[in-house]
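Participant: sequence unknown, structure follows:
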């Protein structure tokens, strides 16, 4: 295994719902069942700021490209744009009819994209004075579990067993049916494939353009949880949270289990959220109220 355990941070969130690196990887954001968002320097185990404003569990958070703003969402059906430095909410968007499960910025952070239990994906203009969504994507027949955004695409995974890819440049929607509820869908780093975690405990790697199934990754424990998955920084490994409290690691090419990332102590909590550093193989995971961090071992040769 190439990863070593670095440290454990007690977030005091109650349960951490999501953990995210900033765009440059210098900081990380967490959100949780205490209705708060927190900004950390994870390398120094330092809490920098706490943001209060949601009325229920905060389910997702994401930093802007210049780290001056961030966006969060939660069970209170709202999407909040924050000023990172002052800690104040800048805008509060309330267009969703159900809890908002996922949120992302586009590449320039001029648009916020949110997915909800009301089966819709909404796009919000961060720079206009309007509080109405610029666009509402209503194709899903069940709750949206995850949202990812590339330079020209929105990828939404839904419990209706489908992943939907919206090409913003040409206004086209491409749908792939996986036969099982999709709990997390993400792009590989090269943008050529989609990694989809499904409720049957199988993570499927698919060619983005053809929909061809390229690989399946399994063995981890799911137990009806929405577990996040991701590729590593170099597109050579697949990582996923697990109900057993660890992060499972597979070889992307062979689908072989390479090992499990664990902390120093036993845990009874599942690891539900994970995030990979944007420039190097450093991984953060959310386990109960704790944030765990691993980093790739340096090559001694």
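Facilitator: Everything's here; your move. As the structure is a prediction and not an experimental result, all values here were calculated from the model. Residues are numbered from 1 along each chain as shown.
Participant: switch to C-alpha atoms for all contacts and neighbour counts from now on
Facilitator: Will do.
Participant: Output the below-cut-off pLDDT ranges for the chain.
Facilitator: 1, 298-301 (pLDDT under 70).
Participant: again, only this time at 50
Facilitator: By pLDDT under 50, the weakly predicted segments of the chain are 300-301.
Participant: quick one, what contacts residue 134?
Facilitator: Taking C-alpha atoms under 8 Å, 6 or more residues apart in numbering as the contact definition, residue 134 lies against 122-125.
Participant: Hmm, residue 202 is touching residue 221, no?
Facilitator: No: counting by C-alpha atoms under 8 Å, residue 202 sits too far from residue 221 to count as a contact (9.9 Å).
Participant: and residue 279, what element?
Facilitator: For residue 279, there is no helix or strand it lies in under DSSP states H and E.
Participant: That one - how many residues pack around it?
Facilitator: Using other C-alpha atoms under 10 Å, residue 279 is surrounded by 12 other residues.
Participant: Keep only those of the contacts of residue 134 that are in strands.
Facilitator: Among the contacts of residue 134, the ones falling in strands (DSSP state E) are 122-125.
Participant: Closest to residue 110 out of these?
Facilitator: Of all these, residue 110 sits closest to residue 125, with 6.3 Å by C-alpha to C-alpha.
Participant: My guess is that closest one contacts residue 133. True?
Facilitator: Yes: using C-alpha under 8 Å, residue 125 is in contact with residue 133, at 7.2 Å.
Participant: Buried residues, stretch 192-212. List them.
Facilitator: Residues 193-199, 201-208, 211 are the ones in stretch 192-212 that count as buried (16 or more other C-alpha atoms under 10 Å).
Participant: Nearest to residue 95 among the ones in strands among the contacts of residue 134?
Facilitator: Nearest to residue 95, judged by C-alpha to C-alpha, of the ones in strands among the contacts of residue 134 is residue 122 at 8.2 Å.
Participant: got the contact list for that closest one?
Facilitator: Applying C-alpha under 8 Å, 6+ apart to residue 122 gives the contacts 113-115, 133-137.
Participant: Filter these down to the buried ones.
Facilitator: Neighbour counting with 16+ other C-alpha under 10 Å marks 113-115, 133, 136 as buried within the contacts of residue 122.
Participant: of all those, which two lie farthest apart?
Facilitator: 115 and 133 (12.1 Å).
Participant: quick one: the nearest residue to residue 283 once chain neighbours are set aside from residue 293, how far?
Facilitator: Excluding the flanking residues, the one nearest residue 283 by C-alpha to C-alpha, 6 or more residues apart in numbering is residue 276, at 4.6 Å. Distance, residue 276 to residue 293, by C-alpha to C-alpha, to the nearest Å: 10 Å.
Participant: Mind listing the shared neighbours of those two?
Facilitator: Common neighbours of residue 276 and residue 293 (C-alpha under 8 Å, 6+ apart) are 282-284.
Participant: Now the closest residue to residue 282 other than its chain neighbours: which helix or strand?
Facilitator: Distances taken as C-alpha to C-alpha, 6+ apart place residue 295 nearest to residue 282, at 4.2 Å, with adjacent residues excluded. Assigned by DSSP H and E, residue 295 belongs to strand 290-296.
Participant: buried residues in that strand?
Facilitator: Using 16+ other C-alpha under 10 Å as the burial criterion, the residues of strand 290-296 that qualify are 290-295.
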